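In: got a predicted structure plus its sequence, pasted below:
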Amino acid sequence: MRMFDFLRSGTAAQAVLLSIGALISGYGVYMSFLVNFNAGLILVLAVGLFLLTAGAFYRPINLCIYTRVGLRIALGGICVSALFAAALGVYGCRDNPSYREDAVIVLGCGVRGEVVSGQLASRLEAALRYYRKNPNALIVVSGGQGKGEDITEALAMERYLVERGVPKDSIIKEERSTSTYTNLLFSKELLDDRFDTPYKTVIISSDYHIYRAIRLSKRLGLDCTHVHGNTAWYEMPVRYSREILAVAKSLLGV
């Protein structure tokens, strides 16, 4: 693997692995104080620890062909995962609404007490931008009540939108869901009851989450487009790492 030519120099390889490992580990520890502990954060910390360990024990690792090849494979896997994360971001940022959709589904993602998280606020701001261009669309806010949440995500989302000028009778709350799949399933059930004829929806979620949300939506039979909410740059490694695991789980049918 020519991309790993730096590994041929023991001193340089140790320095690179230790430096990158320390940077990723430090980032993971810092983010553990800002976001809920999740699979993405665990993956970031695991990658940082792996690189630190590989750097610290690089010389004995390099002496054995099996561990040397294993290290290159692991580094290759990290690079492939980074490229996949980039692909998720590119797909998620390519919005394609017609602004003639009949309904909007805003996917929940976390409430602190009764206040929407920054990530959820980004999705709701995207919903507001869409609503201003298509005020006739019915808005479904989707999300149940999770750990550390004093109210359902849907109620917090409704309050956020109403405070910013969206009429309450334009909003439907879906308050039972606990996952992306149930977000979409229960939202579809509500819309099926509301519309007597085929309808079109626009799915609103975070950029990294759009691919999986659209894939699940189409599996459920929704005729949908999508609009994304931006992810804060400092949260991207954790959010995208978690989503890579979630997409892999979905593709494997686990």
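Out: Arrived safely.
In: all helices for the chain, in order.
Out: 10-31, 39-56, 58-63, 65-93, 118-133, 153-163, 180-194, 210-219, 236-252 (DSSP state H).
In: just the ones you listed: most buried one?
Out: Stretch with highest mean neighbour count among the helices of the chain: helix 153-163 (a mean of 21; mean count of other Cβ atoms under 10 Å). Heads up, the C-betas are built off the backbone N, CA and C, glycines and all.
In: for that one, name the packing helices and strands.
Out: strand 115-116, helix 118-133, strand 138-142, strand 171-174 (3 or more Cβ pairs under 8 Å, 6 or more residues apart in numbering; DSSP states H and E).
In: quick check: angle from it to helix 118-133?
Out: Relative orientation of helix 153-163 and helix 118-133, computed by axes from the mean of the first three to the mean of the last three Cα atoms, to 10 degrees: 50 degrees.
In: confidence score at the residue nearest to Ala15 when sequence neighbours are not counted?
Out: Using Cβ to Cβ, 6 or more residues apart in numbering and skipping the chain neighbours, the partner closest in space to Ala15 is Gly55 (7.7 Å). pLDDT, Gly55: 90.
In: mind putting the helices of the chain in TSV, distance to Lys173 included?
Out: Shown next, in TSV, are the helices of the chain (distance: least, Cβ to Cβ, whole Å):
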stretch	distance to Lys173
helix 10-31	31
helix 39-56	27
helix 58-63	54
helix 65-93	25
helix 118-133	13
helix 153-163	4
helix 180-194	9
helix 210-219	19
helix 236-252	24
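In: about what we covered before: doesn't Ile24 make contact with the residue nearest to Ala15?
Out: No: under the criterion of Cβ atoms under 8 Å, Gly55 is not in contact with Ile24, lying 11.6 Å apart.
In: any idea how far the closest residue to Lys168 other than its chain neighbours lies from Leu128?
Out: Leaving out its chain neighbours, the residue that sits closest to Lys168 by Cβ to Cβ, 6+ apart is Val162, at 5.4 Å. Distance of Val162 to Leu128, given as Cβ to Cβ, to the nearest Å: 11 Å.
In: and if you look at Ser177?
Out: Applying Cβ to Cβ to Ser177 and Leu128 gives a distance of 22 Å.
In: repeat for Tyr99
Out: Remark: distance between Tyr99 and Leu128 (Cβ to Cβ) = 14 Å.
In: Leu41 too?
Out: On the measure of Cβ to Cβ, Leu41 and Leu128 end up 29 Å apart.
In: same check, this time on Leu63
Out: For Leu63, the distance to Leu128 (Cβ to Cβ) stands at 59 Å.
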